[in-house]
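In: pasting a predicted model and its sequence here:
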Amino acid sequence: MLIVKDLHVYYGAIHALKGISIEVQQGEIVTLIGANGAGKTTLMRTISGLLRPREGSIEYQGRSIGAAPAHEIVASGLCQVPEGRRVFANMSVVENLEMGAFLRKDPDVGKDIEKCYDTFPRLRERRRQTAGTLSGGEQQMLAMGRALMSQPKLLLLDEPSMGLAPLLVAEIFEIIKTINKAGTTVLLVEQNAHQALKIAHRGYVIETGHLVLSGPASELADNEEVKKAYLGI
Amino acid sequence: MGDYLKKWAMLVGACLLLFVFDRYAFWALNGFWQNLILLAGINMVAALGLNLTNGYCGQFSLGHAGFMAIGGYATAFFTMMFAWPDWMLTFPHPEFPIVFPISLILGGVLAAAAGLLVGIPSLRLKGDYLAIATLGFGEIVRVFLVNFEYMGAARGQTNIPQYSNFFWVYSIVLISTVVILNLIRSSPGRAIISVREDELAAEVMGVWTVYYKVAAFLLGAFFAGVAGGLLGHLLTILTPEKFNFVLSIEIVVIVVVGGMGSTSGVLLAAVLLTALPELLRFTSGAASIPGLSLLGEPSMRMILYSLTMIFLMIFRPKGLCGNKEMWELWGRKGS
Amino acid sequence: METVLQVLLNGLVLGSVYALIALGYTMVYGVLKLINFAHGDVLMLGAFAGFYIGSSVADSVPMPLLVTLVLSMVICAVIGVTIERLAYKPVRAAPSLTALITAMGVSLFLEYTTALVLGPTPRGFPSEKLLPTSTVMAIPGLPNISNRQLVVMGTALALMGLLYYIVVHTKMGKAMRAVSFDKDAARLMGINVDQVISFTFAIGSALAAAGGVLFALTYGRVDPYMGIYPGLKAFIAAVLGGIGSIPGAMLGGLLMGFTESTASYFVSTYRDAVLFSVLVIILLVRPAGILGRGLVEKV
Amino acid sequence: MMQVKHLTRRFGGLVAVNGVDLEVEEGSLVGLIGPNGAGKTTCFNMLSGVIAPSEGAITFQGKRVDGKKAYQFTQLGIARTFQNIRLFKSLSVLDNVKIACHFNCGYSMFRSFFHGPVFQRKEDEITEHAMEMLKIFKLDHDAHEISTNLAYGEQRRLEIARAMATRPKMLLLDEPAAGMNPTESAELMDLIRFVREKFATTVVLIEHDMKFVMGLCQQILVLDYGTPIAYGNPAEIQANPKVIEAYLGKDEEG
């Protein structure tokens, strides 16, 4: 579904991604783990069209999207929940959800907002509230709900657990599993390796812009190398 | 030690040469050229000052006309209304009285005081907010001058003696250039530049950024004041309207075209941008070619100015010289 | 008492027009972080468009003022979008000062090109033809209200109401708010940021055009430099209310109107000095304005 | 050398740093680590005077310094670098370092207008000191190059050289190895060790690269959600279950 080949991305003089290749198959949850500063967010931003790769290719559903503008990438069914949630804090919950459906012209948007409230019941209670007044966990749910409103075929999640209490993290990961079962492919970036590997089918470990490990999630979970990549043992 | 004395002796010598040129050659030019050359010199002084604030220190100011106005009016006050002892008005020569340089310095000092007044509170502001606040300051000065009955209010101050001549204008250009180049090639000068480059990094390198920002404002205002004084004593009339915000923009454009932080670039731009529109005036006489005669229209001058600004920002936002001096650019090409 | 009411009324009429113009500054600042210096000149172009349209349609169509207003707004919307595409878009990624200088360039260009093409001398605006004056109320003890004042204020308020509706309830309006809050997040939602910016310029310029026509209607004349001072004052209003904030611009506009009418009454020759002092003081004391959010630099 | 007591910083309702206590011994090499958003850089900003703490005290060489401005911190002997290199971009390598020498240049602004003999002598001293710094950091061949033309690793080195030119007693390094490849960061480790010995400087650093921190630092402070969760030597930190949890997430089953 998504094939990233030998991607090189620079931030000014910094060579942030040094030849990353990953692949996501339809229906999978694939996770990308690694300590901070490894380049995970850079990869996500590049896939979504916010950054341009200097070298390498990104192919989504057989079409090259390396040079496509961000809004066209969303239109083709690839939506991202960015790191730090980035909800529109000055707008209400329901307006945020409507923004997720920005490109849709079908009449079912209202129905989908209801569906979204079913998935995240807390959002229903707060639909008129400004998003900035929500708690971190609620904002994360809103950010995910907002992305789902675009009816993505592939959902990119960048550190959904960041800054959340453990109980909430578990809840969020449960929801990710549900979303996946409902037919959405998921590419999940996480620092929280244990949780991520538990729900994922496959995983990649990246370290300072390089891919160091990849394989089925269950294997990575037991791999001592993963711990090494994190703690530098 | 010897080097140092030699350098300053050369400067004095150069000023003497200017004097000789003024006395024995300058009068031979016709009035149009004389005026043009003197105006270019005055713009140089004003732009050198603004370049210190905008170019070297990175504190964008749109109130330069306000400082020029204060300097201009103050200098005129000192040459015309202040009770100097009589001998000072004729010493050493009635056309070169000692009161003129003294008044210019006093005018510059007053403008610098205003610079301090604006500079200190403006420290709280950055970027475009600072630009707008200084623009507001310039307008306030103008409105007060319109109401300043003592010096002619909206009609302006007339009958100012025409003391600005080639010698004074270009000696001041020369001295200003040397002093500014000296300053920016020193530790305090580098501290001023570091504020432009990265204020936070400068602070963390031990630079008291507040002090240097105020200093840059104050020095910029001083040169503006002197330029204003020269202008008044060239035109022999000062009106508040002369110092409206279009004048501020004209000086800003000189600095931007020359390259913010390039003294030689700014001097070159002052010449080009003073001469170009004035020379275009000739074409208004050449009525046989319609397109060319259009260039002589007074509005055309400002249209060219504005297009220069826009295209420069789009295609060469760093100006002709960037923040390099001409000789540095030249040297680079040669090597 | 009557003078107080008169001053208040004048302030309200003037303030509602300033608010209209201030909205354009604030919206553009919201999406681009650019002080659109040329906004006042778009106002001037709107007034000129109104002058030509008004002069030619005054006798031939019903409700000539409405026709004039709408057509000028459409023309300026197109002009605004064109300015953005040609001059601002190329410097969008540049530091804010580069963009500010560009905007000043555009401002001067519009003023002097108009002066060159249409002549620098003021022309009489066909106010009387478009809306013959009459006094609506002459109640003793109350100030006289002319129908023109009512129309000016009413139009300004109606347009502000319309803008409010667009921003709060339409998809484009919401997208505009989203873009001004977080461009990247908006992109990730599939919002075409370029399109939203064009839309913002279109709306802002249309409001400026309306402001221009209302000004011309009130003062009965148009000239190439007429946009400078209303533009600066509306800008002050936007800063006063908190630049980037739409309710702030409305509030700031009204406050500016009251300040100006009060200053005109007490210290008329220092009126503009008072206004600019307000600007400088606001910038120093509360740079974010009354309803604005502060900005924090990240280290 | 530096005592930090109950250092706290709030931004609106958010507590970015919460009650950090730290004692930095003279000559030591201390690491500050923690997951993204743990408040490490905020902590550094307070230690270098860039922002003021909401609560708590910082004592440097027996003197209270919290509440002073950043330039005063530097003049007292605390220098720092930045996570996202902040060089004076359009200036030469040499001028970058010279600016750091500015506050002990020893002459007034008035003197700088005339370039007199005192000026010349002091200025020569500055140039000499700056060139010496560049030599130590192996940047002297590029002294007249514009700083942004340097390679990324060299820019990092220049930033450290510039900080060292202020003659600090304590050096704060914010992610010095960020964006470096393994060879470069190994060289950087050697360089930091060398600097510490050569100038007898105390070093505190933030770093993500764990190999780097573990290999270099004697003591490590771990922050999570702004709160200190562990302090100790590398071996202790690596074995600390709280740290593992903060980095890898909790493993509920065991």
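Out: Cool, got the structure.
In: okay, and the one residue in chain B that gets nearest to chain C sits in which element?
Out: In chain B, the residue that lies nearest chain C is residue B:309 (3.2 Å; CB to the nearest CB). Yep, even glycine has a C-beta here, placed from its N, CA and C like the rest. For residue B:309, the host element (DSSP states H and E) is helix B:298-315.
In: can you point out the buried residues in that helix?
Out: For helix B:298-315, the buried set under the neighbour-count rule, 16 or more other CB atoms under 10 Å in any protein chain shown, comprises B:299-310, B:312-314.
In: show me what that helix is packed against.
Out: helix B:245-258, helix B:263-283, helix C:96-118 (3 or more CB pairs under 8 Å, 6 or more residues apart in numbering or on different chains; DSSP states H and E).
In: so the residue of chain B closest to chain C touches residue C:101, yeah?
Out: Yes - between residue B:309 and residue C:101 there is a contact under CB atoms under 8 Å: 5.8 Å.
In: count of residues packed around residue B:30?
Out: Residues within reach of residue B:30, counting by other CB atoms under 10 Å in any protein chain shown, total 8.
In: typo on my end, residue D:8
Out: Neighbours of residue D:8 using other CB under 10 Å come to 17.
In: can I assume it sits in a strand?
Out: Yes - under DSSP: H, G, I helix; E, B strand; the rest coil, residue D:8 sits within a strand.
In: apart from its chain neighbours, what residue comes closest to residue B:172?
Out: Once flanking residues are discounted, residue B:172 sits nearest to residue B:45: 5.8 Å by CB to CB, 6 or more residues apart in numbering or on different chains.
In: hmm, back to that, closest one to chain A out of the buried residues of helix B:298-315, please.
Out: So of these, ranked by how close each gets to chain A (CB to the nearest CB), first place is residue B:314, at 21.5 Å.
In: so what's the closest one up against?
Out: C:87, C:90-91, C:102 (CB atoms under 8 Å, 6 or more residues apart in numbering or on different chains).
In: kindly reformat the residues you listed as TSV containing pLDDT, secondary structure and distance to chain B.
Out: Listed next are the contacts of residue B:314 as TSV, based on pLDDT from 0 to 100; DSSP: H, G, I helix; E, B strand; the rest coil; distance: CB to the nearest CB, whole Å:
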residue	pLDDT	secondary structure	distance to chain B
C:87	95	helix	6
C:90	95	helix	4
C:91	93	helix	6
C:102	94	helix	4
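In: who wins on neighbours among those?
Out: Going by other CB under 10 Å, residue C:102 tops the contacts of residue B:314 with 27 neighbours.
In: now do the contacts for the residue lying closest to that residue once chain neighbours are set aside.
Out: Leaving aside its sequence neighbours, residue C:102 sits nearest to residue B:313 (CB to CB, 6+ apart; 4.3 Å). Counting by CB under 8 Å, 6+ apart, residue B:313 touches B:256, C:91, C:94, C:98-99, C:101-102, C:105.
In: what do you get for residue C:186?
Out: Going by CB under 8 Å, 6+ apart, residue C:186 touches A:88, A:99, C:175, C:178-179, C:193, C:196.
In: filter the residues you listed down to the ones near chain B?
Out: Among the contacts of residue C:186, proximity to chain B is found for none (CB under 8 Å from any CB of the partner chain).
In: of the residues you listed, closest to chain D?
Out: Closest approach between the contacts of residue C:186 and chain D, by CB to the nearest CB: residue A:88, at 18.2 Å.
In: phi, psi of the closest residue to chain A within chain D?
Out: With CB to the nearest CB as the measure, residue D:210 is the residue of chain D nearest to chain A, at 2.7 Å. Note on residue D:210: backbone dihedrals following degrees, to the nearest 10 are phi -70, psi -40.
In: give me the neighbour count for it.
Out: 23.
In: please identify the buried residues of the helix or strand containing residue A:122?
Out: Applying DSSP H and E as the criterion places residue A:122 in helix A:121-125. For helix A:121-125, the neighbour count (16+ other CB under 10 Å) marks residue A:123 as buried.
In: find residues that contact each of residue B:309 and residue C:101.
Out: Between them, residue B:309 and residue C:101 share the contacting residues residue B:256, judged by CB under 8 Å, 6+ apart.
In: quick one, phi/psi of residue B:82?
Out: The phi/psi pair for residue B:82 (degrees, to the nearest 10) is phi -80, psi 140.
In: show the contacting residues for it.
Out: Residue B:82 sits in contact with B:99, B:103, where contact means CB under 8 Å, 6+ apart.
In: tell me which stretches of chain A form strands.
Out: A:2-11, A:14-24, A:29-33, A:55-60, A:63-64, A:78-81, A:154-158, A:185-190, A:202-207, A:210-216 (DSSP state E).
In: okay if I get those as CSV plus mean neighbour count and mean pLDDT?
Out: Output for those, formatted as CSV (neighbours: other CB atoms under 10 Å in any protein chain shown; pLDDT from 0 to 100):
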stretch, mean neighbour count, mean pLDDT
strand A:2-11, 18, 93
strand A:14-24, 20, 90
strand A:29-33, 27, 94
strand A:55-60, 18, 94
strand A:63-64, 10, 94
strand A:78-81, 29, 96
strand A:154-158, 24, 96
strand A:185-190, 25, 94
strand A:202-207, 24, 90
strand A:210-216, 15, 90
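In: before we move on, back to that, would you turn the contacts of residue B:313 into a markdown table with distance to residue A:19?
Out: Output for those, formatted as a markdown table (distance: CB to CB, whole Å):
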| residue | distance to residue A:19 |
| --- | --- |
| B:256 | 42 |
| C:91 | 34 |
| C:94 | 32 |
| C:98 | 35 |
| C:99 | 37 |
| C:101 | 41 |
| C:102 | 39 |
| C:105 | 44 |
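In: returning to what we had before: could you verify my assumption that the residue of chain D closest to chain A touches residue D:35?
Out: No - counting by CB under 8 Å, residue D:210 stays clear of residue D:35, with 11.7 Å between them.
In: residue D:15: what secondary structure?
Out: What three-state DSSP gives for residue D:15 is strand.
In: for the closest residue to it other than its chain neighbours, what are its contacts?
Out: Spatial nearest neighbour of residue D:15, excluding adjacent residues (CB to CB, 6+ apart): residue D:226 at 5.5 Å. If you count contacts by CB under 8 Å, 6+ apart, residue D:226 has them with D:9, D:15-18, D:38-39, D:42.
In: still on that earlier bit, from the contacts of residue B:313, keep the buried residues only.
Out: B:256, C:91, C:98-99, C:101-102, C:105.
In: and these, which is closest to chain D?
Out: Nearest to chain D among the buried ones among the contacts of residue B:313, with distances taken as CB to the nearest CB, is residue C:98, at 14.8 Å.
In: surely that closest one touches residue B:317?
Out: Yes - counting by CB under 8 Å, residue C:98 touches residue B:317, with 4.9 Å between them.
In: what do those two both touch?
Out: In contact with both residue C:98 and residue B:317: residue C:91, using CB under 8 Å, 6+ apart.
In: from residue A:129, how far off is residue A:118?
Out: 18 Å (CB to CB, to the nearest Å).
In: and those two? Which one has more around it.
Out: For the pair residue A:118 and residue A:129, the greater number of neighbours falls to residue A:129 (14 against 9), based on other CB under 10 Å.
In: would you map the helices across chain D?
Out: Using DSSP state H, the helices of chain D run over D:40-47, D:70-76, D:93-100, D:109-114, D:117-136, D:152-165, D:182-199, D:210-216, D:234-239, D:241-248.
In: tell me which of those helices sits most buried.
Out: helix D:93-100 (a mean of 27; mean count of other CB atoms under 10 Å in any protein chain shown).
In: close to chain A, is that helix?
Out: No - against chain A, helix D:93-100 shows no contacts by CB under 8 Å from any CB, the least distance being 14.6 Å.
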